[in-house]
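**Student:** Build me a model:
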Amino acid sequence: MFDGLSSRLGEVFDRLKRRGALNEADVGEALREVRIALLEADVALPVVKDFIAKVKERAVGHEVVRSISPGQMVVKIVHDCLIDTLGAAEELNLAAVPPVPVLMVGLQGSGKTTTSAKIALRLKSRDKKKVLLASLDIYRPAAQQQLEILASQAEVASLPIVAGEQPVDIARRAMEMGRREGFDVVILDTAGRLHIDDALMAEVAQVRDAVAPVETLLVVDAMTGQDAVTLAREFNEKIGITGLVLTRVDGDARGGAALSMRAVTGRAVKFMGAGEKLDALEPFHPERIAGRILGMGDVVSLVEKAMDTIEVEEAEKLAARVAKGRFDLNDMAAQFRQVKRMGDLKGIIGMLPGLGAMKQKIDEASIDPKAINRQEAIILSMTKKERTNPDLIKASRKRRIAAGAGVDVADVNRLLKQYQQMADMMKKVTRLGQKGLMRHGLAGLLPPSQRR
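**Tutor:** Numbering: from 1, shown residues only. Predicted coordinates:
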């Protein structure tokens, strides 16, 4: 989402870092470019003015002039001001007496229903909460059935549908079921409209008054741009929101909404949705987002993503096999699955410090995101014996495997070469590990079969 802004700011700061001492004119010139970059990213004009004023106040003082690296100091000041603009990180408030009502509001098409299911899954899996989902959308065709299906996928309960029931009555019934059956959280997915209108606001206000939600989350499509700020202000003034959720942050949105809405409403962005899958929801951490925007990476989020997606048991099995010098095509396929669970390659690279340029090169190279799927298909087109013993795969078998996977023989050869390189690397790592243990007199830690 922040690629365009990150790229523009990166160019500005690269020029600053190449200079020695900075004077006020240098800082002023850089801030003019920062201002243009923010406006191009759809950040609201009043927010841009406040932001530039804060940076300038800090940057033209002795703090920068006396710094060992003035360019780096300006980057730090911009980073700190970005964090101030984005506000502090806030978790959902679930401290009230259960069931805690959470009201989901927003326009139609913003991803409200999917986000409701994502939050339910997160609360169930991470916080061990018993969650009930209820759809109050009686207008959009099959909206209630959609939430019911998503609830089933997330393995959480959904309120049984009663035809003809009105939104306020549905909300009251959901809360009653929540109390009766011991639910911790009740998530109420309200209906949206194509635009803000009196009917929408009146209905949401009635539901709010009926259930007194502890959290009222406004779901906003990050690609809405400047309109997102108006939307957030309207909902906050007429309904009273407690937090924001940005969806489609994996798209080509300019990112200005995230910077603007917090400053305009005073409400924190609590979550970001980065994909259609139910686990594609991450908490909004201002300091991490600021780091991504300025190309500093976000290693903490990357580690958290790895911990969430990598299956420990599978990883331990692979480690044990590698320790014994075993690595076959089944293990390689398992590695592909682990990488796929991590998500988009460009998104992962964006979390690594200093690799913004590489991310741009990947975009320019047009790397096919389905390449891993094809490699996995090639392995799955092999027999069990071939996957266990790749030496069996000769010319005729390669042709059969290629036909089965829908690829060329050259693709099969490329995969086998990649496998051989990985297998050789695994053997080297194992040998180095054994030598290290021998050198330090720790041979007893090796399995008996590997002691020499």
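
**Student:** I'd say residue 77 and residue 59 touch.
**Tutor:** Yes. Shown here, residue 77 and residue 59 form a contact pair, counting by Cβ atoms under 8 Å, at 5.2 Å. C-beta coordinates here come from the backbone N, C-alpha and C atoms, glycine included.

**Student:** out of these two, which sits in the more crowded spot?
**Tutor:** residue 59 (25 against 21; other Cβ atoms under 10 Å).

**Student:** thought the more buried one was touching residue 27?
**Tutor:** Yes. At 4.9 Å, residue 59 counts as touching residue 27 under the criterion of Cβ under 8 Å.

**Student:** Output the below-cut-off pLDDT ranges for the chain.
**Tutor:** 1-24, 26, 60-74, 225-226, 250-258, 290-319, 321-325, 340-369, 428-452 (pLDDT under 70).

**Student:** What are the boundaries of the strands in it?
**Tutor:** Counting by DSSP state E, residue ranges of the strands within the chain are 100-105, 131-135, 157-158, 185-189, 215-221, 243-247, 269-273, 281-283.

**Student:** can I get those strands in TSV with distance to residue 329 and mean neighbour count?
**Tutor:** Output for the strands of the chain, formatted as TSV (distance: least, Cβ to Cβ, whole Å; neighbours: other Cβ atoms under 10 Å):
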stretch	distance to residue 329	mean neighbour count
strand 100-105	45	24
strand 131-135	41	27
strand 157-158	42	22
strand 185-189	43	28
strand 215-221	42	24
strand 243-247	38	25
strand 269-273	35	24
strand 281-283	33	18
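
**Student:** Could I get those in CSV, plus columns for distance to residue 407?
**Tutor:** Below are the strands of the chain laid out as CSV (distance: least, Cβ to Cβ, whole Å):
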stretch, distance to residue 407
strand 100-105, 44
strand 131-135, 42
strand 157-158, 42
strand 185-189, 43
strand 215-221, 37
strand 243-247, 35
strand 269-273, 34
strand 281-283, 34
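
**Student:** out of these, nearest to residue 174?
**Tutor:** strand 131-135 (3.7 Å; Cβ to Cβ).

**Student:** who are the neighbours of that closest one, in terms of helices and strands?
**Tutor:** helix 112-126, helix 143-154, strand 157-158, helix 167-180, strand 185-189 (3 or more Cβ pairs under 8 Å, 6 or more residues apart in numbering; DSSP states H and E).

**Student:** what lines up beside the last one in the sheet?
**Tutor:** Going back to what we said before, that points to strand 185-189. strand 100-105 (parallel), strand 131-135 (parallel) (DSSP bridges).

**Student:** can you check the shortest one too?
**Tutor:** For strand 157-158, the paired strands and their directions (DSSP bridges) read strand 131-135 (parallel).

**Student:** Contacts for the strand it pairs with, please.
**Tutor:** Residues from elsewhere that reach strand 131-135 (Cβ atoms under 8 Å, 6 or more residues apart in numbering): 99, 113, 116-117, 120, 123-124, 143-144, 146-148, 150-151, 156-159, 161, 170-171, 173-174, 177-178, 181, 183-189.

**Student:** between that strand and helix 167-180, what angle do the directions make?
**Tutor:** 170 degrees (axes from the mean of the first three to the mean of the last three Cα atoms, to 10 degrees).

**Student:** C-alpha coordinates for strand 131-135, PDB please?
**Tutor:** Only the C-alpha atoms of strand 131-135 are listed here, as PDB (Å, rounded to 0.1, in the frame of the first residue of the first chain):
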ATOM      1  CA  VAL A 131     -17.100 -15.800  19.400                       C
ATOM      2  CA  LEU A 132     -20.600 -15.400  17.900                       C
ATOM      3  CA  LEU A 133     -21.000 -13.800  14.500                       C
ATOM      4  CA  ALA A 134     -24.400 -12.200  13.500                       C
ATOM      5  CA  SER A 135     -25.300 -10.600  10.200                       C
END
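
**Student:** angle of it against helix 112-126?
**Tutor:** Using the same axes, to 10 degrees: strand 131-135 against helix 112-126 is 170 degrees.

**Student:** what angle separates strand 131-135 from helix 143-154?
**Tutor:** 160 degrees.

**Student:** The chain should start at 33 in everything you say after this.
**Tutor:** Happy to do that; since the first residue is 33 now, the last one works out to strand 163-167.

**Student:** circling back to that earlier point, looking at the helices and strands packed on strand 163-167, spot the one closest to residue 83.
**Tutor:** Of all the helices and strands packed on strand 163-167, helix 144-158 comes closest under Cβ to Cβ, at 28.0 Å.

**Student:** Residues touching that closest one, excluding its own?
**Tutor:** Helix 144-158 has contacts (Cβ under 8 Å, 6+ apart) with 124, 126, 134, 136-138, 161-163, 165, 167, 169, 175, 178-179, 182-183, 185-188, 216-217, 219, 221-222, 224, 249, 251, 277, 279, 303, 305, 308, 310-313.

**Student:** Drop anything exposed from the contacts of strand 163-167.
**Tutor:** Using 16 or more other Cβ atoms under 10 Å as the burial test, the contacts of strand 163-167 include 131, 145, 148-149, 152, 155-156, 175-176, 178-180, 182-183, 188-191, 202-203, 206, 209-210, 215-221 as buried.

**Student:** what about residue 238, how many neighbours?
**Tutor:** 14.

**Student:** Leaving out chain neighbours, which residue sits closest to it?
**Tutor:** Counting by Cβ to Cβ, 6 or more residues apart in numbering, residue 238 lies nearest to residue 200, which is 5.1 Å off, once chain neighbours are set aside.

**Student:** from what I can see the one you found touches residue 237, true?
**Tutor:** No. The pair residue 200 / residue 237 is not scored as a contact, 10.2 Å apart, by Cβ under 8 Å.

**Student:** So between those two, which is more surrounded?
**Tutor:** Counted by other Cβ under 10 Å, residue 200 and residue 237 do not tie: residue 200 has more neighbours, with 16 against 13.
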